[in-house]
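**Student:** here is my input, please return the structure:
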Amino acid sequence: MSESKAAPEPTGRVRYSIAKKLNSRMFLRLVGVFISIDIILCLITGAALIYSSEIKAEAAAKLLTASGIPDTESAGWLRMTGIETAVLIDEPPGIKIPKPFSYMLPKITQDAKRSITVTSDLNAPFLEKLEGLTYVVCPVLGSTAYQISVSLGPFFHIFRYVLAVLLIYEFLAVLARMRKDRRIIRRTLDPISELTRAAQSLNAVSKQLDPEKMAALAGKLEGINASRLDTRIQVDDTQDELKNLARAINGMLDRINESYRAQVRFVSDASHELRTPISVIQGYANLLDRWGKNDEKTLQESIIAIKDEAANMKDLVEQLLFLARGDNDTIMLQTETFNLAELAREVYAETKMIDASHEFDIRLADAFVSADRALIKQAARILVDNAVKYTNSGGLITLSTEVEGENAKLKVTDNGIGISPDIVPRIFDRFYRADESRARATGGAGLGLSIAKWITSRHGGFMEVLSREGLGTRISIVLPKTEKAADLSVR
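**Tutor:** Predicted coordinates:
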């Protein structure tokens, strides 16, 4: 046995976001800018501090040259300015600034050795160590070597609080900027999100392709045309907004590509189906023109053939127009509540009256639906006609109705030739016929089941096919059931 039923498509899962990626990059960039500014500020502050210390050392050296080591009282006042002086007996500590850099220093201390010492506890915290830093200049004035110490502690005592305030400000500025950047990024990515939603809505299986929505995507897909519908968008997996958009557009392109190819096949098959009756009519017209004017047998044969082919062509054109209106969603449903059993009884009576070569049976149970009665009857007739075509004379065709769960079913069962399992999924394709060799014998263009499927789908239902070669086929129209109307019953 073989059974065909539609299945939902799986959905993808989002993992990463380009918005988060941009937020992270902008955060790191802002932190980097603040760190760079802090480093430059520290370098400038250090240079200014050294320059200030050199100026103080120059003033102290001039004082030593003029007056020598200050007395105890003067040394106390001098210490209050952060400067201490002493006579060196041993070799002066530190290093000399090499030329030509020493030319930028005060002349009186150009040849002096310089060093930076820590006078606080080495185990103290880092900021307290900074307060114990001393800039030491050791000039040789005359024949005496002096040590001039400039304390940097007062400056670093203030600097530690300034630095703390600066870091707090930068931290708050980074947080505020992150929130602002997040809003800016979201607003910037809104067009992509809108485009993604539009593409996803177009990709929804339950919706028709809206020309206005398609036009909204024009310009985004300029490089993809009818000759390049197999083109697909490649996007980095870490960029989810673009990945979702690409997935939606690629899915939409798959559907458009399939629809385009189906349309090409449809036009080709329609042209082929119309070409055959036209060729037959043209052939018999030529036959009449040559010999049929005076030959009654040829005349009658030509008239019958032309009438048959004209009727076939009329049926084909009507089917094509019906499908075209259905594709354009211009067929309005005239919904009413009715009993499928009553409708099946009507189809049974009409078919039995015009076909005496088959046996017919009905097995009816109340099954109420809310639908367009004329269209559902048309679909039922299509199923019965197909059963008649592919069931040998004397075969049995059964119409039955039932309610199963939340669905109402109308079934047409025959004991005909059956359908191969690999063909079942294709029997609803337009112009598809399982046995091309029987096409002219059985009639039809392979559009009946396509029309029946469209009618059923338009009513929110689906079709079930159960078939086995040599045993027969059962095709069911499955519709949502409705409550029984007060005045409806099977009579």
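
**Student:** residue 358 touches residue 390, doesn't it?
**Tutor:** No. Here residue 358 does not reach residue 390: they are 11.1 Å apart, not a contact under C-beta atoms under 8 Å. All C-beta atoms are positioned from the backbone trio N, CA, C, and that covers glycine.

**Student:** overlap in contacts of these two?
**Tutor:** Common neighbours of residue 358 and residue 390, using C-beta atoms under 8 Å, 6 or more residues apart in numbering, do not exist here.

**Student:** quick one: the strands in the stretch 201-350 of the chain?
**Tutor:** For the stretch 201-350 of the chain, the strands defined by DSSP state E, counting those that start in this stretch cover 335-339.

**Student:** quick check: next helix or strand after the helix or strand of the chain with the lowest mean pLDDT?
**Tutor:** Counting by mean pLDDT, DSSP states H and E, the chain has its least confident helix or strand at strand 2-4, which shows a mean of 45. Using DSSP states H and E, the next helix or strand after strand 2-4 towards the C-terminus is helix 18-67.

**Student:** the helices in the stretch 201-350 of the chain, which residues?
**Tutor:** For the stretch 201-350 of the chain, applying DSSP state H, counting those that start in this stretch gives helices covering 211-216, 240-287, 296-327, 340-354.

**Student:** can I get those helices in a markdown table with distance to residue 88, mean pLDDT and mean neighbour count?
**Tutor:** Listed next are the helices of the stretch 201-350 of the chain as a markdown table, based on distance: least, C-beta to C-beta, whole Å; pLDDT from 0 to 100; neighbours: other C-beta atoms under 10 Å:
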| stretch | distance to residue 88 | mean pLDDT | mean neighbour count |
| --- | --- | --- | --- |
| helix 211-216 | 86 | 50 | 11 |
| helix 240-287 | 71 | 72 | 16 |
| helix 296-327 | 104 | 78 | 15 |
| helix 340-354 | 118 | 92 | 17 |
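
**Student:** residue 84 and residue 74 touch, don't they?
**Tutor:** No. Counting by C-beta under 8 Å, residue 84 does not reach residue 74; the two are 11.7 Å apart.

**Student:** so which of those two has more stuff around it?
**Tutor:** Neighbour count, other C-beta atoms under 10 Å: between residue 84 and residue 74, residue 84 has more, with 16 against 13.

**Student:** gap between the residue lying closest to the more buried one once chain neighbours are set aside and residue 451?
**Tutor:** If the residues on either side of it in the chain are set aside, residue 84 comes closest to residue 149, at 4.5 Å by C-beta to C-beta, 6 or more residues apart in numbering. Distance, residue 149 to residue 451, by C-beta to C-beta, to the nearest Å: 105 Å.

**Student:** likewise residue 131?
**Tutor:** Note on residue 131: its distance to residue 451, by C-beta to C-beta, is 94 Å.

**Student:** can you check residue 47 too?
**Tutor:** Residue 47 is 89 Å from residue 451, by C-beta to C-beta.

**Student:** the more surrounded of these two?
**Tutor:** Applying other C-beta under 10 Å to residue 47 and residue 451 shows that residue 451 carries more neighbours, namely 19 against 10.

**Student:** which SSE is that one in?
**Tutor:** Assigned by DSSP H and E, residue 451 falls in helix 448-458.

**Student:** what about that helix, average pLDDT?
**Tutor:** The pLDDT scores in helix 448-458 average 88.

**Student:** which helices and strands does it pack with?
**Tutor:** helix 296-327, helix 373-389, strand 462-468, strand 472-480 (3 or more C-beta pairs under 8 Å, 6 or more residues apart in numbering; DSSP states H and E).

**Student:** I'd like the ones you listed laid out as a markdown table, including distance to residue 289.
**Tutor:** Formatted as a markdown table, the helices and strands packed on helix 448-458 follow (distance: least, C-beta to C-beta, whole Å):
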| stretch | distance to residue 289 |
| --- | --- |
| helix 296-327 | 10 |
| helix 373-389 | 34 |
| strand 462-468 | 47 |
| strand 472-480 | 45 |
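
**Student:** against residue 466, how distant is residue 421?
**Tutor:** 11 Å.

**Student:** the two: who's more crowded?
**Tutor:** Using other C-beta under 10 Å as the criterion, residue 421 and residue 466 rank with residue 466 on top: 17 against 14.

**Student:** show me what the more buried one is bridged to.
**Tutor:** Per DSSP bridges, the residues bridged to residue 466 are residue 3, residue 474.

**Student:** next one: it from residue 319, what distance?
**Tutor:** With C-beta to C-beta as the criterion, residue 466 and residue 319 are 25 Å apart.

**Student:** ditto for residue 394
**Tutor:** Taken as C-beta to C-beta, the span from residue 394 to residue 319 is 29 Å.

**Student:** same question, residue 29
**Tutor:** Using C-beta to C-beta, residue 29 is found at 65 Å from residue 319.

**Student:** neighbours around the residue lying closest to residue 186 once chain neighbours are set aside, how many?
**Tutor:** Distances taken as C-beta to C-beta, 6+ apart place residue 19 nearest to residue 186, at 6.4 Å, with adjacent residues excluded. Residues within reach of residue 19, counting by other C-beta under 10 Å, total 19.
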